[in-house]
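Colleague: Here is my input; please provide its structure:
(chains A and B, ligands or ions: 2)
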Number of protein chains: 2
Amino acid sequence: AGVAAAAAARAADAKPDAYANEPTRWSGFAVRSAKPFNAEPPPGVLVRTYHTPNEAFYVRNHLPVPAVATADGADYRLSIRVPGGVAGAPRGGVSPTDAACVHTLSLADVQALPAVTLTAAVQCAGNRRTEMSGHRAVKGGAWDACAISNAAWTGARLTDVLASLGVPDVGALAAAGVRHVVFEGADADAEGGVYGASIPLDVLAAGDVLLAWGMNGEPLPADHGAPLRVVAPGIVGARNVKWVTSVALSDEESHSHWQRRDYKGFCPSVCLEDADYDSAPSIQELPITSAVGEVAVSADGRSVTARGYAYAGGGRPVVRVDVSADGGKTWAAADLAGADGQVPAAVCGARYRDYGWTLWSATLPLPAPGRGEVVVKAVDSSYNVQPEGLAGVWNVRGVLNNAWHRVPVGGEGEAKE
Amino acid sequence: AGVAAAAAARAADAKPDAYANEPTRWSGFAVRSAKPFNAEPPPGVLVRTYHTPNEAFYVRNHLPVPAVATADGADYRLSIRVPGGVAGAPRGGVSPTDAACVHTLSLADVQALPAVTLTAAVQCAGNRRTEMSGHRAVKGGAWDACAISNAAWTGARLTDVLASLGVPDVGALAAAGVRHVVFEGADADAEGGVYGASIPLDVLAAGDVLLAWGMNGEPLPADHGAPLRVVAPGIVGARNVKWVTSVALSDEESHSHWQRRDYKGFCPSVCLEDADYDSAPSIQELPITSAVGEVAVSADGRSVTARGYAYAGGGRPVVRVDVSADGGKTWAAADLAGADGQVPAAVCGARYRDYGWTLWSATLPLPAPGRGEVVVKAVDSSYNVQPEGLAGVWNVRGVLNNAWHRVPVGGEGEAKE
Ligand SMILES: [Mo]
Ligand SMILES: [Mo]
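Modeller: Ligands and ions are numbered 1, 2, ... in the order given. Model prediction:
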């Protein structure tokens, strides 16, 4: 984090024009950081629509918006690096010393492939960090519960892009020693160090990783990676690299700071000095989570209608959302709305994939007139659940907060903080 | 459950010889039910070896052991039902009225296919039900924390079996409308109703579902499904059908009681009368869990060494186990041991699969001489975690208890129950 913060600071300080490409943003955002730009929409707006409007989609930039985001796409180029061992001698492994083949594609090359549209939520690993800080101080930027949004993305399947270059399928790549797909973005610090991240090769197997140019039927906005970004559905935001300039098949994870020295979870008793980043896996799929976006008390003060989101990584559908209005003493299963307005519980098999989030709503009696505490917790298709509080999930980097989300109703409500 | 209990009771009462095929069992078991036989090993034995010895592997029979378990395998037959629509006209769907093709295989036919050995833990959905009953009464048989075991299974891949019959691959089956793989066992109640269960078709895609005849290098024991059983790694025990006699590709889940009116999770406020089984998905993959098997206090009473297991469904590796000796105030990451004695955290990608359990150990200072409380909680590769207590996961059927596991050390310790 020190490295990242220093890089961002250098970018802001040393080059006055580093932020020359920032777009005009929505006035409704709660801005968490101006440079680099980090902002989340108000919760009531966020849970109002299944697909988040592009202008209201949370923004998590690690570095200045690069020039390519606002330039004519005609000059944009994407490099795809395939290890020599893969094409030539599959049994030879994927040593970095093998001569690699680097393909160069234009935006038109990517857009010439079959276009696919899929809905996927993207969530920052640091979503709800502010709550975690309240439990015990953490290192990282503040986020309330809205560093998550949901959109319909349009692009080419990365597997189609690779196949168009003659690259063999995921099984053959795995057999040849490929383990990770490494991305770089055009966003850079003052020394030219660029943002980077990787995903495990296996994530490609489902065929749903996109190189996307469209968002909710519009061209990708500058803040969301124009002209082309990675959409790795089911995977944490940090690996959905924006302004992607490079895709490399590798036997190793990305060597970037954000892959190896950030975005990892630790035991609650581990402090910053003791954090052994090599011992912890990179965050990829995110655990089951949910939050309250809006509470509305009935005119007579006897009931509350709560609305919110729920999401699980890895394409695991949300199969149930439990809501309480009395601080967790009693619960009711909420009404759920997925992409088609319903969640097909009966077909929720173990591997049925739904990358979008689930919106939920519930109307419950209040324990006292106009007062109570709304609590939400969700369940995914593997019956994973959320922990009650922060004691077990707290970590020094303030990531992965999926504790039950609580919102007091009327004055102090029954909040137990 | 009423139906199952009644069926078991009828089997026990109406036919005195229904239990004529029960094998001789290990004397070390804690027997939870004699007829049908349900038993778990002592925790200290369970966590002593990575592969559970066959005699100590927990037994969860729903009905009497069938005659086929002890008969000469020469007469054993397996039927495989493929809907007519699949073979003949893939676009025609998989209507139950299509003429189906039923293949009949001998044990030798299955054993003629390439033999695969893989390690997989099998866990009962009701593991740790006794704890849940302590919180609030539930319906279901008692289990402590040892209704789980781990073995190396040998058999033919079900995908290989299907391919040997000319059945197309999972993608083609899905395109033709197949959604579930339905199994029946030879174990039956007095009226001839047999045990049945199904798994979603997608579970087959990884190629790891076996029709197994071997367990830890020995022939499958009678209690574990001889001569042939389903091993669906990463999936709850109830779907790993023993003494399998029938495999059917279907557009529907199994119609069995155990698939549709049992083995489902509910909101904590749902009582038996309100449980809407159609609203809840069948349990398939199980959530992240862990338990303490053994605690040993040092001679000077200053420290405790704890050992136990951790497991996540769906092949998600266990990436971290946190252990506390002071009731959860402070934590340390345990040492982990998978199949090869180590868990490769660095390669734990989002979809890297490890179907076996993980054994863990930790030595921690005790908060008072000879006294304390060991608590364990684990984290899977999607950073899913266990909930602190039972309040959120309690359900009227007493399944899916994955709360933090607590064991007092010395007298009352600091147990908070
Ligand atoms: Mo993030
Ligand atoms: Mo079970």
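
Colleague: Phi first, then psi, for the closest residue in space to A:Asn61 that isn't next to it in sequence.
Modeller: Spatial nearest neighbour of A:Asn61, excluding adjacent residues (C-beta to C-beta, 6 or more residues apart in numbering or on different chains): A:Pro36 at 4.2 Å. Placement of C-beta: from N, CA and C, glycine included. Main-chain dihedrals, A:Pro36, degrees, to the nearest 10: phi -70, psi 160.

Colleague: A:Asp187 too?
Modeller: With angles defined as degrees, to the nearest 10, A:Asp187 sits at phi -70, psi 130.

Colleague: so what's it closest to, chain neighbours aside?
Modeller: A:Leu63 is the one closest to A:Asp187 (C-beta to C-beta, 6+ apart), at 4.0 Å.

Colleague: ok, that neighbour touching A:Gly196?
Modeller: No - judged on C-beta atoms under 8 Å, A:Leu63 makes no contact with A:Gly196 at a distance of 10.9 Å.

Colleague: Please list all residues in contact with A:Asp326.
Modeller: The contact partners of A:Asp326, taken as C-beta atoms under 8 Å, 6 or more residues apart in numbering or on different chains, are A:Leu366, A:Pro367, A:Gly372, A:Glu373, A:Glu414.

Colleague: Next, find the distance separating A:Ser279 from B:Phe183.
Modeller: Per C-beta to C-beta, to the nearest Å, A:Ser279 is found 40 Å from B:Phe183.

Colleague: now A:Glu55
Modeller: With C-beta to C-beta as the criterion, A:Glu55 and B:Phe183 are 51 Å apart.

Colleague: Between these two, which is the more surrounded one?
Modeller: Using other C-beta atoms under 10 Å in any protein chain shown as the criterion, A:Glu55 and B:Phe183 rank with B:Phe183 on top: 28 against 14.

Colleague: so how far is A:Thr245 from the closest residue to ligand 2 within chain A?
Modeller: For chain A, the nearest residue to ligand 2 under the criterion C-beta to the ion is A:Tyr383, separated by 13.5 Å. As for A:Tyr383, its distance to A:Thr245 is 41 Å (criterion: C-beta to C-beta).

Colleague: The residue lying closest to A:Val47 once chain neighbours are set aside in helix, strand or coil?
Modeller: In space, and not counting its chain neighbours, A:Val47 is closest to A:Gly293: 3.1 Å by C-beta to C-beta, 6+ apart. Three-state assignment for A:Gly293 (DSSP: H, G, I helix; E, B strand; the rest coil): strand.

Colleague: can you pull the contacts of A:Gly293?
Modeller: A:Gly293 makes contact with A:Pro43, A:Gly44, A:Leu46, A:Val47, A:Arg48, A:Ala145, A:Cys146, A:Arg307, A:Gly308, A:Tyr309, according to C-beta under 8 Å, 6+ apart.

Colleague: Look at the third one and say how many residues are nearby.
Modeller: As a burial measure, the neighbour count of A:Leu46 was computed by other C-beta under 10 Å and equals 27.

Colleague: Got phi/psi on it?
Modeller: Dihedral angles of A:Leu46 (phi, psi; degrees, to the nearest 10) stand at phi -60, psi -40.

Colleague: Can you name the residues that contact it?
Modeller: With C-beta under 8 Å, 6+ apart, A:Leu46 has these contacts: A:Glu40, A:Thr52, A:Ala56, A:Cys146, A:Ile148, A:Ser149, A:Gly293, A:Tyr309.

Colleague: Just the strands from the stretch 101-250 of chain A, written as ranges.
Modeller: Ranges of strands within the stretch 101-250 of chain A are A:101-106, A:116-123, A:148-157, A:180-188, A:194-200, A:210-215, A:218-219, A:229-231, A:244-250, based on DSSP state E, counting those that start in this stretch.

Colleague: Contacts for the fourth one, please.
Modeller: So that's strand A:180-188. A:11, A:61-69, A:158, A:194-201, A:203-204, A:209, A:225, A:230, A:239, A:241-254, B:349.

Colleague: Pairing partners for it, with directions?
Modeller: strand A:194-200 (antiparallel), strand A:244-250 (antiparallel) (DSSP bridges).

Colleague: Now do the last one and strand A:101-106, the angle between them.
Modeller: Here strand A:244-250 runs at an angle of 160 degrees relative to strand A:101-106 (axes from the mean of the first three to the mean of the last three C-alpha atoms, to 10 degrees).

Colleague: out of A:Tyr383 and A:Thr245, which sits in the busier spot?
Modeller: A:Tyr383 (28 against 20).

Colleague: isn't the more buried one right up against B:Thr289?
Modeller: No - with contact defined as C-beta under 8 Å, A:Tyr383 and B:Thr289 do not form a contacting pair (10.4 Å).

Colleague: Could you name every residue contacting both of the two?
Modeller: When C-beta under 8 Å, 6+ apart defines a contact, no residue borders A:Tyr383 and B:Thr289 alike.

Colleague: quick one on the thing from earlier: can you add pLDDT and give the contacts of A:Asp326 back as CSV?
Modeller: Listed next are the contacts of A:Asp326 as CSV, based on pLDDT from 0 to 100:
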residue, pLDDT
A:Leu366, 98
A:Pro367, 97
A:Gly372, 98
A:Glu373, 98
A:Glu414, 43
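
Colleague: related to what we said a few turns ago, what about the contacts of A:Leu46, which one has the most neighbours?
Modeller: Ranked by neighbour count (other C-beta under 10 Å), these have A:Tyr309 at the top, with 30 neighbours.

Colleague: roughly how far apart are it and A:Ala69?
Modeller: Taking C-beta to C-beta as the measure, A:Tyr309 falls 27 Å from A:Ala69.

Colleague: Leaving out the residues flanking it, which one is nearest to the residue of the stretch 51-200 of chain A found nearest ligand 1?
Modeller: Of all residues in the stretch 51-200 of chain A, A:Cys124 sits closest to ligand 1, at 3.5 Å by C-beta to the ion. Residue nearest to A:Cys124 in three dimensions, not counting chain neighbours: A:Ala147, with 3.8 Å by C-beta to C-beta, 6+ apart.

Colleague: separation between that neighbour and A:Val292?
Modeller: The spacing between A:Ala147 and A:Val292, counted by C-beta to C-beta, is 15 Å.

Colleague: so does stretch A:242-256 get close to ligand 1?
Modeller: No - using C-beta under 5 Å from the ion, stretch A:242-256 never reaches ligand 1; the gap is at least 11.5 Å.

Colleague: That stretch - what's its average pLDDT?
Modeller: Stretch A:242-256 shows a mean pLDDT of 95.

Colleague: Straight-line length of that stretch, end to end?
Modeller: From its first residue to its last, stretch A:242-256 covers 15 Å (C-alpha to C-alpha, to the nearest Å).

Colleague: Sweet, I'm off.
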